[in-house]
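Visitor: The amino acid sequence is not available; the structure is as follows:
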Ligand SMILES: Nc1ncnc2c1ncn2[C@@H]1O[C@H](COP(=O)(O)OP(=O)(O)OP(=O)(O)O)[C@@H](O)[C@H]1O
């Protein structure tokens, strides 16, 4: 279960800002606080200019309504570790082709991140964050030139993922098992250590460090662990290889506050010390102000906002949550303006939107689910 924001962050200022009076001087919160202070001192020219800081008195903030406008891609001279150029993507209908009349989910999306970046990916439910992350992770076929990870095409160049250079961690740890069902949680009776040891060629020191950071008991039996404990083992396995690009899709959802704080600090160190890059899609914002170097907001199939964190004074001021609230509000109102309010009535005329019958050329759809047992092999091409 996610930790409710109201529990960890009752005043809307973030876990980091809430730390000084109530938390011990040692341990992950103290280190988070120090990291946030250093971040503020280094990067938040805006915060300094208008006299705000993490230590400023906390008043309860009314979320602000923000205007969503297209932002220029952050410019940098370093070669990008993640580069997206004019990406279009639409999920296919049952016949494997884009559904006529349904606009692409991602439209002419352009985006670039330099090495060492920690990018927070935000957006409303259904905005396309998971889809975008899966595309970056090489799980959907798209034109080769549309996405480059470390200069390579993630779908076509499978060496990117098999080498561990590109790592995607998302969704629940589950698999489809014939005659049992789809999305079955991994619950065999074997110890966590065996799952972790199943990844070959791992530096033993890194393994030990991750087990410690994620507070894993190697003797946990995987069929008896809680959701959060299973998630810790899943994250550990996903991080064992020293990735160069890491895509995290809401994986901290089951972690307790301490576990999340330790993990986020570990990930930030990975980027600053090794030049790795991370995109992290989440709906849990408390305590994250210190973490991103970039913030991206996905709406209407495009990046409606993409900025370096140092240009977002809300972060230095510990107001990430209220910033996101404002963006979501503006997004919803813009959508209502365009398509009107969503009908609460079932509309029989929308049945069978797939269109006229044609012979299916993707026969891998799993009945009753949104997944295909094949990699999605039909894409929107202009
Ligand atoms: N396999 C699929 N087939 C068809 N449509 C899909 C499929 N997966 C997702 N979609 C649709 O694509 C849209 C974006 O979904 P996606 O999961 O990428 O959103 P998201 O931003 O990650 O949402 P959330 O914040 O709820 O996780 C949704 O409208 C969803 O219904």
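Guide: Now that the structure is in, tell me what you want to look at. Treat the numbers as computed from the prediction; the structure is a model and nothing was measured.

Visitor: Wondering if stretch 129-145 reaches the ligand at all.
Guide: Yes - with CB under 6 Å from any ligand atom as the criterion, the ligand is reached by stretch 129-145 at 129-131. The C-beta positions use only the backbone N, C-alpha and C, and glycine is treated the same way.

Visitor: so which of these is the most crowded?
Guide: Most neighbours among the residues of stretch 129-145 next to the ligand, by other CB atoms under 10 Å: residue 129, with 23 neighbours.

Visitor: In this structure that residue contacts residue 123, no?
Guide: Yes - at 5.0 Å, residue 129 and residue 123 qualify as touching, with contact defined as CB atoms under 8 Å.

Visitor: Give me the common contacts of the two.
Guide: When contacts are counted by CB atoms under 8 Å, 6 or more residues apart in numbering, residue 129 and residue 123 have 281, 298 as shared neighbours.

Visitor: What strand or helix carries residue 131?
Guide: helix 129-136 (DSSP states H and E).

Visitor: Then residue 168?
Guide: Per DSSP H and E: strand 166-170 holds residue 168.

Visitor: quick one: which of the residues of stretch 129-145 next to the ligand is nearest residue 324?
Guide: Closest approach between the residues of stretch 129-145 next to the ligand and residue 324, by CB to CB: residue 129, at 12.8 Å.

Visitor: Check the closest one and give its pLDDT.
Guide: Note on residue 129: pLDDT of 94.

Visitor: Check the one 4 residues further on too.
Guide: In the prediction, the pLDDT value recorded for residue 133 is 95.

Visitor: That one against residue 121, yeah?
Guide: Yes - counting by CB under 8 Å, residue 133 does reach residue 121; the two are 7.3 Å apart.

Visitor: any residues in contact with both of the two?
Guide: With CB under 8 Å, 6+ apart as the test, residue 133 and residue 121 both reach 279, 281.

Visitor: Among these two, which residue is more densely surrounded?
Guide: residue 121 (27 against 21).

Visitor: In contact with that one, which residues?
Guide: 129, 132-133, 279-282, 296, 298.

Visitor: any idea which of those residues is closest to the ligand?
Guide: Nearest to the ligand out of the contacts of residue 121 is residue 129 (CB to the nearest ligand atom; 3.5 Å).

Visitor: Could you find the closest non-adjacent residue to that closest one?
Guide: residue 281 (4.3 Å; CB to CB, 6 or more residues apart in numbering).

Visitor: returning to what we had before: just put the residues of stretch 129-145 next to the ligand in JSON lines and tack on distance to residue 256.
Guide: Shown next, in JSON lines, are the residues of stretch 129-145 next to the ligand (distance: CB to CB, whole Å):
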{"residue": "129", "distance to residue 256": "23"}
{"residue": "130", "distance to residue 256": "23"}
{"residue": "131", "distance to residue 256": "29"}
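
Visitor: Could you pull out the strands in the stretch 251-382 of the chain for me?
Guide: 277-281, 294-299, 302-308 (DSSP state E, counting those that start in this stretch).

Visitor: any chance of these in a markdown table, plus mean neighbour count?
Guide: Below are the strands of the stretch 251-382 of the chain laid out as a markdown table (neighbours: other CB atoms under 10 Å):
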| stretch | mean neighbour count |
| --- | --- |
| strand 277-281 | 24 |
| strand 294-299 | 24 |
| strand 302-308 | 20 |
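
Visitor: Is it possible to get JSON lines of those that adds distance to residue 341 and mean pLDDT?
Guide: As requested, those are exported to JSON lines (distance: least, CB to CB, whole Å; pLDDT from 0 to 100):
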{"stretch": "strand 277-281", "distance to residue 341": "27", "mean pLDDT": "96"}
{"stretch": "strand 294-299", "distance to residue 341": "18", "mean pLDDT": "95"}
{"stretch": "strand 302-308", "distance to residue 341": "21", "mean pLDDT": "93"}
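
Visitor: So for residue 288, which of those strands sits nearest?
Guide: Proximity to residue 288 (CB to CB) singles out strand 277-281 among the strands of the stretch 251-382 of the chain, at 8.5 Å.

Visitor: where are the low-confidence patches of the chain?
Guide: Applying pLDDT under 70 to the chain flags the ranges 1-78, 172, 174-177, 179, 182-187, 348-382.

Visitor: Residues of it that sit close to the ligand?
Guide: By CB under 6 Å from any ligand atom, the residues of the chain that approach the ligand are 91, 105, 123, 125-131, 370-371.
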